[in-house]
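*Asks:* Give me the fold of what follows.
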Amino acid sequence: MGRKQTGRNRWLCGIGMVSSCLVLGWGMPDAIAAERIVFRYAGFERSLSVEELAAFAETGELSSDLEHYTNRTDKDPEELQRALVRPIPMRLVFLDVALNSWVGEMLLERVGQTIHTSSGEANQEALRSALILSASDDDAISLIEVIQAYPTEEVYVDGENLLETYYQVSRWSDRAQELYEMMERLNPDREE
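*Replies:* Alright, predicted model coming up:
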């Protein structure tokens, strides 16, 4: 037990140190973060700044570009704003482990069909990074934080599937948290 626990503690400590370095940016070159979001919906494309989307998420006020998008797609702006800012509870260590499992790979594949790079390459890696960074400061992820943390200058979003993908991730998170809590109850001597 002692040896297994020691190895596990070292692993958790390593994850914590790497996460801290990512959050603080120590020893790393300036990170690339998304500056523009390109919405694709039913054959048309609309590009806007991530800053503009973040302002809408915070205030609920639509810019002219975002208003054009919501009018053209019949999307409810209030529902979009709620989806952007609603936190999905997710412990950072658990998220890291889960995203590196076969279930996590399936989730990244599904979400990568909605939120992706311009070329469609390295979607899973980019999403994994954005999700981890989103959860790193508060053990929760939000759509706006994932978009802001996306490690390419542009992030492409399939507007037709965005809300459904958000709700799928939320349901997955609820189930994953239940499993995590059940595992904690079964192993009360486990150290954090």
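*Asks:* Just confirm residue 151 is within a strand.
*Replies:* No. Counting by DSSP: H, G, I helix; E, B strand; the rest coil, residue 151 falls outside a strand, being coil.
*Asks:* Run a quick check on it versus residue 123, I expect a contact.
*Replies:* No. Counting by C-beta atoms under 8 Å, residue 151 does not reach residue 123; the two are 11.2 Å apart. For every residue, glycine as well, the C-beta is placed using N, CA and C.
*Asks:* Please name the residues that touch the spatially most central residue of the chain.
*Replies:* The residue lying closest to the centre of the chain (C-alpha atoms, centre = their mean) is residue 131, at 3.2 Å. Residues in contact with residue 131 (C-beta atoms under 8 Å, 6 or more residues apart in numbering) are 90, 95, 99, 141, 146.
*Asks:* can you pull out the helices in the chain?
*Replies:* Ranges of helices within the chain are 2-24, 50-59, 64-73, 77-85, 92-99, 102-112, 123-135, 143-149, 162-186, based on DSSP state H.
*Asks:* out of these, which comes closest to residue 41?
*Replies:* With distances scored as C-beta to C-beta, the stretch of the helices of the chain nearest to residue 41 is helix 64-73 (4.9 Å).
*Asks:* Now do that closest one: everything it contacts.
*Replies:* 39, 41-42, 44, 46, 48, 52-53, 56, 62, 75-77, 80, 159-160.
*Asks:* Just the buried residues from those, in ChimeraX please.
*Replies:* Burial among these is assessed by 16 or more other C-beta atoms under 10 Å; the matching ChimeraX selection reads:
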select :39,41,46,48,52,53,56,62,75,77,80,159
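*Asks:* Run through this protein and note the low-pLDDT ranges.
*Replies:* 1-32, 180, 188-192 (pLDDT under 70).
*Asks:* circling back to that earlier point, of the contacts of residue 131, closest to residue 172?
*Replies:* Among those, and counting by C-beta to C-beta, the member closest to residue 172 is residue 90, at 9.6 Å.
*Asks:* Nearest to residue 181 among the contacts of residue 131?
*Replies:* Distances from residue 181 to the contacts of residue 131, taken by C-beta to C-beta, are shortest for residue 90, at 12.6 Å.
*Asks:* For that closest one, list the residues it contacts.
*Replies:* 131, 135, 139-141, 173, 176-177.
*Asks:* now those residues in a markdown table, with distance to residue 35?
*Replies:* Below are the contacts of residue 90 laid out as a markdown table (distance: C-beta to C-beta, whole Å):
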| residue | distance to residue 35 |
| --- | --- |
| 131 | 19 |
| 135 | 22 |
| 139 | 27 |
| 140 | 24 |
| 141 | 20 |
| 173 | 27 |
| 176 | 31 |
| 177 | 32 |
